[in-house]
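>>> Let's see this in three dimensions:
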Amino acid sequence: MSRNEGSPIRRSRGQWWWNPRVLGLLGVGLLVAGYAAWLVARAAHDEAAPAAERSAQTSTSAPAEPPARICGNRALLDGPAQPPKGAVRVGTSRSLTNVTTQYPPGTTFWLAPGVHRLGPHRFDQVKPKPGDSYIGAPGAVLDGQHKNLYAFAGDASDVTVEHLTVRNFGARAENNNEGVVNHDAATGWKVENNTVHGNAGAGVMVGSNNVVRNNCLADNGQYGFSAYHTGSVRHITIEHNEISGNNTDDWERRRPGCGCTGGGKFWMTLDAHVLDNWVHDNHGAGLWADTNNAGFLIKGNYLSGNDAEGVIYEASYNAAVKDNTFVRNALVKGPENPGFPTGALYLSESGSDERVRSRYSKVLEVTGNVFTDNWSGVILWENSDRFAGSPANTSTGAGTLVNPEKVTARTCNRRNIDEKPYIDDCRWKTQNVRVAHNVFNLRPTSVGAKCTASHGCGYNGIFANWGTYPSWSPYKGSAIQDRIVARQHNKFAHNVYAGPWTFMVKGQGLKVNWATWQSAPYGQDTNSVIKMGG
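The predicted structure is shown next:
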């Protein structure tokens, strides 16, 4: 079966249960529930256990099954069968583009059942006025015919788009890193109860003060959504969406290293609530926050079957990753790079810093999550060669947020990088991270034949590479390896493990067992417990 066969967008609400992928997820849910019950029973009877072991008993509010079954869910997706009071009725014979121009700001447009088209030209698109609302009747479809690049565009604020199916917009060669709904990432938009699928680029662009809720964002060419605007995006909510099968155009393979794929992407976003989504079977990472994001709450999500990591938090700050379920992530990407364990949660050059004004500025907390049969678990990584001004900085032209008036990509250079504040403030740092009260389950037989420690499967880790580049870098050798383990306050604690876990610590490639991971000089998971096997 291909990865898109049986997608929930192609089946009725009453048929979701028989799909083999869903049956597998339900099985995993039963496993998680059963393991949680084992924890409760153990806590009840094991009064004689050592104090350190008893302190590791943990409970979690992570979802046992997907919280947002949206695709094909007519009860959520169908809009009103009749126009709301005062709304303008738009039939399929009328151009929504032209109708919009005829009415004042704040108009509500009700799209009648049927397929609506915008016109034959690339830039035929709807340009709302401030406060406009677009509401679909049951069966209302806005179809770009792969001729129109964008559906809704312009800088009008406080626009609402709901109960529509938006499909077939854009062309792969033209919609690179662009979006179809809210193309210009305008402020104050509400995108709710829509099906956005089969479009090139991103299905939805997210601007400041946007709410994206109860949508099916499926099978789009690049992303389900992308949060990006010149400058930054602030105060957004991504809640209770099903985000599935995106990156159909396989961008990472066509443009290796582009960092431009997955279920959803954030860039320079401050204060995001990412809540109760089902992010699954995307051809890349599930959720990816890349470069100078801060103040994220990622909570209550169910991340499953994504080809790469479930969540990447990269070159960013100040987050809480709480009460999420990670199931069978990175089973495609993981085996492709056995020298680097591909985690369900990957924190890359990311941690907390009080100088960045946002929530969670003291500790980046990873807590209450359940990890089951992913390629690996939680990976804390810092690239010794990556810093503002370095040729190895993949966030081209970006500097850190900790001292932006003085320390920038331009001022971090070979002339002053050895001096304060540059030597400290030119780096994004994996620091002040606490991974606590999580459950890690691993059954190699369920992951696949290649799931062995020698192939990079079944790891948690805190490590960096040996610094080598550029020639003028002050971070060569073991400098960052020593810091990430001993001086940057990163800690695993109070976790419960089941399965044959291995740990990578300090240096990339340094693999240690449970006893060494717990012992000096590393001292990780000293009050956690492990049930070997699998």
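>>> So what pairs up with residue 275 in the strands?
residue 239, residue 299 (DSSP bridges).
>>> Renumber starting at 43 from here on
Got it, the first residue is 43 from now on, which makes the last one we talked about residue 317.
>>> Just give me the neighbour total for it.
Counted with other C-beta atoms under 10 Å, the neighbours of residue 317 add up to 19. In short, each C-beta sits where N, CA and C put it, glycine included.
>>> For the stretch 43-192 of the chain, which segments count as strands?
130-132, 150-153, 156-159, 175-178, 182-185 (DSSP state E, counting those that start in this stretch).
>>> So residue 487 belongs to a helix, correct?
Yes: assessed by DSSP: H, G, I helix; E, B strand; the rest coil, residue 487 belongs to a helix.
>>> count of neighbours near it?
9.
>>> gap between it and residue 499?
12 Å (C-beta to C-beta, to the nearest Å).
>>> Any chance you could list residues touching both of the two?
residue 493 (C-beta atoms under 8 Å, 6 or more residues apart in numbering).
>>> Could you tell me how far residue 185 is located from residue 239?
11 Å.
>>> Show me which of these two is the more surrounded one.
For residue 185 versus residue 239, the count of surrounding residues by other C-beta under 10 Å is larger for residue 239: 25 against 18.
>>> Okay, and the beta partners of the more buried one?
The partner list for residue 239 in beta bridges (DSSP bridges) reads residue 209, residue 260.
>>> quick one, what contacts it?
By C-beta under 8 Å, 6+ apart, the residues touching residue 239 are 51, 207-209, 245, 258-262.
>>> Please apply the same query to residue 551.
Taking C-beta under 8 Å, 6+ apart as the test, what residue 551 contacts is residue 381.
>>> go on, residue 469?
391, 428-430, 442, 517.
>>> 6 Å - rerun?
The contact partners of residue 469, by C-beta atoms under 6 Å, 6 or more residues apart in numbering, come to residue 429.
>>> Helix, strand or coil: sort out it for me.
Assignment for residue 469 (three-state DSSP): coil.
>>> Need the pLDDT of it.
Listed pLDDT for residue 469 reads 97.
>>> likewise residue 437?
89.
>>> That one in helix, strand or coil?
Quick answer, by three-state DSSP: residue 437 is coil.
>>> which one is it nearest to, not counting chain neighbours?
residue 333 (4.2 Å; C-beta to C-beta, 6 or more residues apart in numbering).
>>> Quick one: residues contacting that neighbour.
309, 357, 437, 440.
>>> In ChimeraX, how would I select just the buried ones from those?
Entered in ChimeraX, the line below selects the buried ones among the contacts of residue 333, by 16 or more other C-beta atoms under 10 Å:
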select :309,357,437,440
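>>> need the strands for the stretch 393-542 of the chain, in chain order.
Going by DSSP E, counting those that start in this stretch, the stretch 393-542 of the chain shows strands at 406-409, 412-414, 418-424, 475-478, 481-483, 501-506, 533-535, 538-540.
>>> need those in JSON lines with distance to residue 449, can you?
Converted to JSON lines, those look like this (distance: least, C-beta to C-beta, whole Å):
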{"stretch": "strand 406-409", "distance to residue 449": "21"}
{"stretch": "strand 412-414", "distance to residue 449": "36"}
{"stretch": "strand 418-424", "distance to residue 449": "18"}
{"stretch": "strand 475-478", "distance to residue 449": "22"}
{"stretch": "strand 481-483", "distance to residue 449": "37"}
{"stretch": "strand 501-506", "distance to residue 449": "21"}
{"stretch": "strand 533-535", "distance to residue 449": "27"}
{"stretch": "strand 538-540", "distance to residue 449": "40"}
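>>> can you put those strands in TSV and add distance to residue 196 and mean neighbour count?
TSV is the format used below for the strands of the stretch 393-542 of the chain (distance: least, C-beta to C-beta, whole Å; neighbours: other C-beta atoms under 10 Å):
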stretch	distance to residue 196	mean neighbour count
strand 406-409	37	23
strand 412-414	42	28
strand 418-424	40	27
strand 475-478	41	23
strand 481-483	46	24
strand 501-506	45	26
strand 533-535	48	21
strand 538-540	51	23
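>>> Could I get the ones you listed in TSV, plus columns for mean pLDDT and distance to residue 214?
Formatted as TSV, those follow (pLDDT from 0 to 100; distance: least, C-beta to C-beta, whole Å):
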stretch	mean pLDDT	distance to residue 214
strand 406-409	98	36
strand 412-414	98	34
strand 418-424	98	32
strand 475-478	98	38
strand 481-483	98	39
strand 501-506	98	35
strand 533-535	98	42
strand 538-540	98	43
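>>> For residue 280, which of these is the nearest?
Checking the strands of the stretch 393-542 of the chain against residue 280 by C-beta to C-beta gives strand 406-409 as the closest, at 18.9 Å.
>>> And the contacts of that closest one?
Against strand 406-409 from outside (C-beta under 6 Å, 6+ apart): 361-364, 393-394, 475-479.
>>> Please repeat the previous calculation with a cut-off of 7 Å.
Strand 406-409 is contacted by residues 360-364, 387, 392-394, 420, 474-480 when judged by C-beta atoms under 7 Å, 6 or more residues apart in numbering.
>>> same check, this time on stretch 157-167
Residues from elsewhere that reach stretch 157-167, judged by C-beta under 7 Å, 6+ apart: 134, 137-139, 168, 182-185, 187, 189-193, 195.
>>> and it, what's its mean pLDDT?
On average, stretch 157-167 scores 93.
>>> okay, how far is it across that stretch, tip to tip?
End-to-end distance for stretch 157-167: 15 Å, by C-alpha to C-alpha, to the nearest Å.
>>> Buried deepest among the strands of the stretch 43-192 of the chain, which one?
For those, the largest average neighbour count (mean count of other C-beta atoms under 10 Å) is found in strand 175-178, namely a mean of 24.
>>> hmm, who's touching that one?
121-122, 126, 129, 150-153, 202-206.
>>> pLDDT below threshold where in the protein?
The chain contains residues with pLDDT under 70 at 43-101, 215-217, 293-297, 299-300, 575-576.
>>> Might you report the residue contacts of the residue nearest the centre of the chain?
Per C-alpha atoms, centre = their mean, the C-alpha nearest to the average position across the chain is that of residue 329, at 1.2 Å. Neighbour list for residue 329: 305-306, 316, 321, 353 [criterion: C-beta under 7 Å, 6+ apart].
>>> Next step: those restricted to helices.
Using DSSP state H, the subset of the contacts of residue 329 located in helices is empty.
>>> What subset of those is buried?
305-306, 316, 321, 353.
>>> Now tabulate those in CSV and tack on distance to residue 289.
Listed next are these as CSV, based on distance: C-beta to C-beta, whole Å:
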residue, distance to residue 289
305, 8
306, 11
316, 18
321, 12
353, 16
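>>> and which of the contacts of residue 329 is nearest to residue 116?
Nearest member of the contacts of residue 329 to residue 116, counting by C-beta to C-beta, is residue 321, at 21.9 Å.
>>> hang on, isn't residue 387 packed against residue 350?
No: Residue 387 is beyond contact range of residue 350, at 11.8 Å (criterion: C-beta atoms under 7 Å).
>>> buried residues in stretch 563-576?
564, 566-572, 576.
>>> Repeat that for stretch 424-440.
So, applying 16+ other C-beta under 10 Å, buried residues of stretch 424-440: 424-432, 435-437, 440.
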